[in-house]
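Chemist: have a look; sequence and predicted model below, questions after that.
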Amino acid sequence: MAQTKRRRQTKHRGNAAGVVESRGRTGRKPTTAEKTGKGSSSAQREKRVDRLERETTWRGAFYRAMAAAVVMLLISILLLKKPNEAIALFPIVLIAYVPISYYTDTWLYKRRMANKAKAGGASAK
């Protein structure tokens, strides 16, 4: 008779409270980097630093303003109960939010770079 390819099922036994506890890790031993989790967090930190050190663009400001305008549209539809008025407010909000977003990001970028230059100059002394 041909053998089946199904894997053998392991037992999951519940405790007195009825909670099923899993057996835990049964494969290979985790490496020290996997145990501490520091390997991936440093890569994420570097990604974040790279993203923060990029200069601001009008395209990024437009996308951010578009997201904010959509949220404002949904909120105004819920609060005003008049979809026509909410839709009429959408382009006004979008036009207002784009420069606000761009200049806010530019100000934050310049401040971040000034702090970085100041910290770099202080450590050089």
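Modeler: Nice, thanks for sending it over.
Chemist: show me what the host helix or strand of Leu74 is packed against.
Modeler: Element membership of Leu74 [criterion: DSSP states H and E] is helix 58-80. Where contact means 3 or more Cβ pairs under 8 Å, 6 or more residues apart in numbering; DSSP states H and E, helix 58-80 is packed against helix 83-124. The way it works is simple: take the backbone N, C-alpha and C, and place the C-beta from them, glycine included.
Chemist: now do the phi/psi pair for the residue nearest the centre of the chain.
Modeler: Centroid-nearest residue in the chain: Arg48, 10.2 Å away (criterion: Cα atoms, centre = their mean). The phi/psi pair for Arg48 (degrees, to the nearest 10) reads phi -70, psi -40.
Chemist: measure it to Ser42 for me?
Modeler: With distances taken as Cβ to Cβ, to the nearest Å, Arg48 is found 11 Å from Ser42.
Chemist: swap in Leu52?
Modeler: 16 Å.
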